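Student: Next one to model:
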Amino acid sequence: MTDTKPNQLVECERDGFPILNINGEPHCLAEFVNFCIGRQKVIDVVVRNNTLYYVFENRHELPLLCYCCGEPLECHDLQSIKKHLRGRKLQAMTWNVEELEDGRNVIDYKLEFSTKHGETEPLMVQTSTLSANKMIHPILCAHSGVSLPSSNVPPVIATPSSNKQRRRR
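Tutor: Purely as a prediction, here's the structure:
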């Protein structure tokens, strides 16, 4: 949930998505999410600590959270959700500011996933912008927060084997 006033939002100059505080730094929401899971296929859906996560082929895990309160979305039938989501790719995102009944303004953030098995319309999934902030990143992702050690050792260079075979008689 991002409780915001429409005139306080800063939008990215490249794509018009909001610039939000993600992992303690300002990021364009679309660029951040696209960097981590754009065009990636959902390979699993899991529940941890009552939170539903989409697991992507590059090992990022995106929690699904209510767009208006930021709480985990309920999962009534995990097997059905797995069957419905596995194999879909994240292909687009949309957002707009929505005023709730209590007068708060929140970002209505939706993820668009590819069609499956003859469907004609993509699958739209509504989630909170906090999902980006709470995404689990694999260690090699630039957004994982883990600094990888630098090495002064030159990389191993693979050389093709020689055409001559050595034989011992």
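Student: This protein: strands as residue ranges?
Tutor: In the chain, the strands defined using DSSP state E lie at 19-22, 25-28, 42-48, 51-56, 61-63, 90-99, 105-113, 123-127.
Student: do you know which of those strands lies nearest K82?
Tutor: strand 42-48 (4.6 Å; C-beta to C-beta). Any C-beta I mention is one placed from the backbone N, CA and C, and that applies to glycine too.
Student: Could you tell me how far that closest one lies from the centre of the chain?
Tutor: 12 Å (C-alpha atoms, centre = their mean, to the nearest Å).
Student: relative to strand 105-113, how tilted is it?
Tutor: Angle between the axes of strand 42-48 and strand 105-113 is 130 degrees (criterion: axes from the mean of the first three to the mean of the last three C-alpha atoms, to 10 degrees).
Student: how about the CA coordinates for strand 42-48, as CSV?
Tutor: Output of strand 42-48 as CSV, limited to C-alpha atoms (Å, rounded to 0.1, in the frame of the first residue of the first chain):
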residue,chain,number,x,y,z
VAL,A,42,6.3,-18.2,-13.1
ILE,A,43,7.6,-21.6,-12.2
ASP,A,44,5.9,-22.1,-8.8
VAL,A,45,3.5,-20.5,-6.3
VAL,A,46,4.2,-21.0,-2.6
VAL,A,47,2.9,-19.9,0.7
ARG,A,48,5.3,-18.8,3.5
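Student: partner strands of it, parallel or antiparallel?
Tutor: Take DSSP bridges as the rule and strand 42-48 pairs in its sheet with strand 51-56 (antiparallel).
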